[in-house]
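In: have a look; sequence and predicted model below, questions after that.
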Amino acid sequence: MKRLDRFEGGRAQLVLKSGSSSQTEHMGRVVGECIPAGTVLALTGGLGAGKTVFVKGLCKGLGVRDRVLSPTFILLEEYRGVLPVYHFDLYRLKGTDEVEEIGVLDAIDGTNVVVVEWADRLPPGWLGEDIVVNLEVVGENERRLALEAPIDLIELLKREKLS
Ligand SMILES: Nc1ncnc2c1ncn2[C@@H]1O[C@H](COP(=O)(O)OP(=O)(O)O)[C@@H](O)[C@H]1O
Ligand SMILES: [Mg+2]
């Protein structure tokens, strides 16, 4: 019911504090429940910041039943939920030639959801993402999630009382 048909209007930011991996997963799940087909998400933050945990939740929110793994060694995992999900991990990316080979831009076709870990390995603007999620470690189990996204999504997330 709450899934947006499309993004319209301006952009906004939302900073969330997570106190556990299940809380981060829940945040991902709510985002997954709200985003329209064609959404591109750029995830940034160091190793162990919680990017893959967030993607696990995102996939649940998109109705994916497969187990979500970190595609660190293989660069791409594909899942099928209510929408196809393409999960990239650019940690081992060697250059933009390689990113063309693994098909990041091909996956962005307006119907799939594309989520990219280590998106900051790409030149700024290259991905044309709708949503940026930056995760930061602030304690053993504490994370700060800074979302930069279309305002209608941010409003929806605020109503879900994620913080
Ligand atoms: N609040 C939290 N949010 C997300 N992960 C957390 C949190 N607290 C502890 N963790 C742990 O941090 C690790 C995050 O791993 P992962 O999601 O694979 O990171 P990344 O994909 O950013 O390298 C997991 O072991 C997870 O259990
Ligand atoms: Mg990861």
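Out: That came through, no problem. Ligands and ions are numbered 1, 2, ... in the order given.

In: tabulate the CA atom coordinates of the longest helix seen in the chain in PDB.
Out: What stands out as the longest helix in the chain, according to DSSP state H, is helix 21-34. Extracted in PDB, the C-alpha atoms of helix 21-34 (Å, rounded to 0.1, in the frame of the first residue of the first chain):
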ATOM      1  CA  SER A  21      22.000  -4.900  13.300                       C
ATOM      2  CA  SER A  22      18.300  -5.800  13.400                       C
ATOM      3  CA  GLN A  23      17.400  -2.100  13.700                       C
ATOM      4  CA  THR A  24      19.500  -1.400  10.600                       C
ATOM      5  CA  GLU A  25      17.900  -4.300   8.800                       C
ATOM      6  CA  HIS A  26      14.500  -3.000   9.800                       C
ATOM      7  CA  MET A  27      15.400   0.400   8.300                       C
ATOM      8  CA  GLY A  28      16.400  -1.200   5.100                       C
ATOM      9  CA  ARG A  29      13.100  -3.200   5.100                       C
ATOM     10  CA  VAL A  30      11.000  -0.100   5.400                       C
ATOM     11  CA  VAL A  31      12.900   1.600   2.600                       C
ATOM     12  CA  GLY A  32      12.400  -1.600   0.500                       C
ATOM     13  CA  GLU A  33       8.600  -1.400   1.200                       C
ATOM     14  CA  CYS A  34       8.400   2.200   0.000                       C
END
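
In: quick one: is it near ligand 2?
Out: No. Against ligand 2, helix 21-34 shows no contacts by Cβ under 5 Å from the ion, the least distance being 12.0 Å. No exception for glycine: its C-beta is placed from N, CA and C like everyone else's.

In: tell me the buried residues in stretch 16-30?
Out: Judged by neighbour count (16 or more other Cβ atoms under 10 Å), stretch 16-30 contains these buried residues: 16, 18, 23-30.

In: alright, calling it a day.
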